[in-house]
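K.L.:
No letters, just coordinates:
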């Protein structure tokens, strides 16, 4: 008699996987389920062994197929009435609603790598200040944002009483390269040494050149281009067709215009082309006073007539523009929702009587928490999408300040408010669970003398809601809630 073949290692692994998945199967079906899976694995192995086809590839295939025992066991577990009941009750729970929005917020944080735009808004970069101001030109004829002539910078620097320091800058899209190795393309900003005086920042490595043209790297560019090596100081980089020495690296906390890696081409002279201007205003200076003084200096010193053409924006105002836009959108949406949803102010008083006060507090707290979490998801998602790493935060180039974003906020807040009101009305007035057991009552064609619609019940027996098919014009309360006492709970099969 031939000896019984020893079980293969793959078969042993499959038996172990089946034993691990078996606890998920209900006890009354567990033994039959294990025997079925074990017999299937054993017969497959025996067939391949006697056919001479058993090899390493088939062993791996057998283990891979055996992994299907876990979803099969989970299906047996989920098919139980008790599990289905718990899942339905979990889906109706108010905590599930709040947890879903919290999970969406975490998902947005994960996809955006930690909500960088939101952190920049609320925590603020180190160089942010209430006195930092952007200045640019918006001509009456021709329109569009443009840079200012180069000779206004020294004129404003020497004659302005409202500005402490002034610096021009231009964003260049010329080619950038490091000799002998490929590098990611950074943002190239042409400016003067006065820029770092405006932001009151000192280099982390090296010094800012004042006599000749040189390159200053921000911390992100230093890490991405030179892997944070101190030897980057003194090396050569190519911008356009010219090589420049790297003479300084800025600290990690410094950000200007963008979170993208930036390279500053610092030149000791005023550029011949027009440029945007960033300045530091003195305490108490307002946009109106700055416009009046800078226009007067331009006329008297440089013979430029900028009346009603200068655009002045404080950095903090530009940074917080999305918050103001979102607040306006939420206010407009709230007014429209109150009008369309027929929210009556006179119902507020009876809801706060002594016997209803506790339930009303729970409902208000849940509604506010649900609304705030949903608003947070809309606001953060749109802000992170609009203010990406490569977006520019100045003048009218900030994508988070455009009219398209206003419409996104309006649509988002309106959708959240309409859904929140509808969801609140479909919940129990006591336990805040979603109502269930929809039952059609009445005849839809007999609206004159009879009532027709749908009745929804609370699974805990707290009450029922009447929703008519068609509300008559004289019926101001189209949905009627009827509270039930504890004696009704025994009639609900799903109540505990």
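P.N.:
Thanks, I have the structure now. Since the structure is predicted, the reported quantities are computational estimates derived from the model, not experimental observations.
K.L.:
I'd assumed residue 284 was in contact with residue 131.
P.N.:
No - the criterion here is C-beta atoms under 8 Å, and residue 131 misses it with residue 284 at 9.5 Å. Any C-beta I mention is one placed from the backbone N, CA and C, and that applies to glycine too.
K.L.:
who's more crowded, these two?
P.N.:
residue 131 (17 against 8; other C-beta atoms under 10 Å).
K.L.:
Check what pLDDT the closest residue to the more buried one other than its chain neighbours gets.
P.N.:
Excluding the flanking residues, the one nearest residue 131 by C-beta to C-beta, 6 or more residues apart in numbering is residue 281, at 4.6 Å. We have a pLDDT of 87 for residue 281.
K.L.:
so what's residue 281 up against?
P.N.:
Listed by C-beta atoms under 8 Å, 6 or more residues apart in numbering, the contact partners of residue 281 are 131, 132, 133, 162, 163, 164, 290, 314.
K.L.:
switch the cut-off to 6 Å
P.N.:
131, 133, 162, 163 (C-beta atoms under 6 Å, 6 or more residues apart in numbering).
K.L.:
and if you look at residue 34?
P.N.:
Neighbours of residue 34 in contact, by C-beta under 6 Å, 6+ apart: residue 22.
K.L.:
Residue 406 versus that one, what's the distance?
P.N.:
Applying C-beta to C-beta, to the nearest Å, the value for residue 34 to residue 406 is 61 Å.
K.L.:
Just give me the neighbour total for residue 90.
P.N.:
Around residue 90 there are 11 other residues, counting by other C-beta under 10 Å.
K.L.:
for residue 15, that is, sorry about that
P.N.:
17.
K.L.:
Could you do residue 55 as well?
P.N.:
Neighbourhood size, residue 55 [other C-beta under 10 Å]: 10.
K.L.:
how much space between it and residue 62?
P.N.:
Relative to residue 62, and taking C-beta to C-beta, residue 55 is found at 11 Å.
K.L.:
got it, and residue 225?
P.N.:
Distance, residue 225 to residue 62, using C-beta to C-beta: 51 Å.
K.L.:
Show me which of these two is the more surrounded one.
P.N.:
residue 225 (23 against 19).
K.L.:
now the helix or strand that one falls within: how far from the chain's centre is it?
P.N.:
Element membership for residue 225, per DSSP states H and E: helix 219-226. Centroid separation for helix 219-226 versus its chain: 27 Å, with C-alpha atoms, centre = their mean, to the nearest Å.
K.L.:
average model confidence for stretch 420-427?
P.N.:
87.
K.L.:
Not counting that stretch itself, show me its contacts.
P.N.:
With C-beta under 6 Å, 6+ apart, stretch 420-427 has contacts from 341, 367, 370, 371, 434, 435.
K.L.:
so what's the last one up against?
P.N.:
Applying C-beta under 6 Å, 6+ apart, we find residue 435 in contact with 426, 456, 458, 465.
K.L.:
hang on, isn't residue 244 packed against residue 217?
P.N.:
No - applying C-beta atoms under 6 Å, one finds residue 244 not in contact with residue 217, separated by 11.2 Å.
K.L.:
Which one's more surrounded, those two?
P.N.:
It is residue 217, of residue 244 and residue 217, that has more neighbours when counted by other C-beta under 10 Å, with 28 against 20.
K.L.:
a helix runs through residue 308, doesn't it?
P.N.:
No - assessed with DSSP: H, G, I helix; E, B strand; the rest coil, residue 308 is coil; it does not lie in a helix.
K.L.:
Please report the distance of it from residue 275.
P.N.:
Relative to residue 275, and taking C-beta to C-beta, residue 308 is found at 21 Å.
K.L.:
swap in residue 68?
P.N.:
Counting by C-beta to C-beta, the gap from residue 68 to residue 275 is 65 Å.
K.L.:
who's more crowded, these two?
P.N.:
residue 275 (24 against 12).
K.L.:
taking the mean pLDDT, what do you get for stretch 179-191?
P.N.:
Here the average pLDDT along stretch 179-191 is 74.
K.L.:
how long is it end to end?
P.N.:
23 Å (C-alpha to C-alpha, to the nearest Å).
K.L.:
Residue 359: what secondary structure?
P.N.:
Assignment for residue 359 (three-state DSSP): helix.
K.L.:
For it, give me its contacts.
P.N.:
residue 430.
K.L.:
Quick check: bridge partners of the nearest residue to residue 222 once chain neighbours are set aside?
P.N.:
With C-beta to C-beta, 6+ apart as the criterion, residue 222 has its nearest non-adjacent residue at 4.7 Å, and that residue is residue 249. Following DSSP bridges, residue 249 is listed with bridge partners residue 205, residue 217.
K.L.:
Ok, residue 480 next?
P.N.:
Beta bridges link residue 480 to residue 466 when assigned by DSSP bridges.
K.L.:
So the residue most central in space within the chain, which state does it fall into?
P.N.:
Closest to where the C-alpha atoms of the chain average out (C-alpha atoms, centre = their mean) is residue 381, at 2.7 Å. Classification of residue 381 by three-state DSSP places it in helix.
K.L.:
right, and it touches residue 108 too?
P.N.:
Yes - using C-beta under 6 Å, residue 381 is in contact with residue 108, at 5.0 Å.
K.L.:
All the strands of the stretch 201-350 of the chain, in order from the start?
P.N.:
Listed in chain order, the strands of the stretch 201-350 of the chain (DSSP state E, counting those that start in this stretch) span 205-206, 214-217, 236-239, 242-249, 262-266, 276-281, 310-314.
K.L.:
Thank you kindly, that will do.
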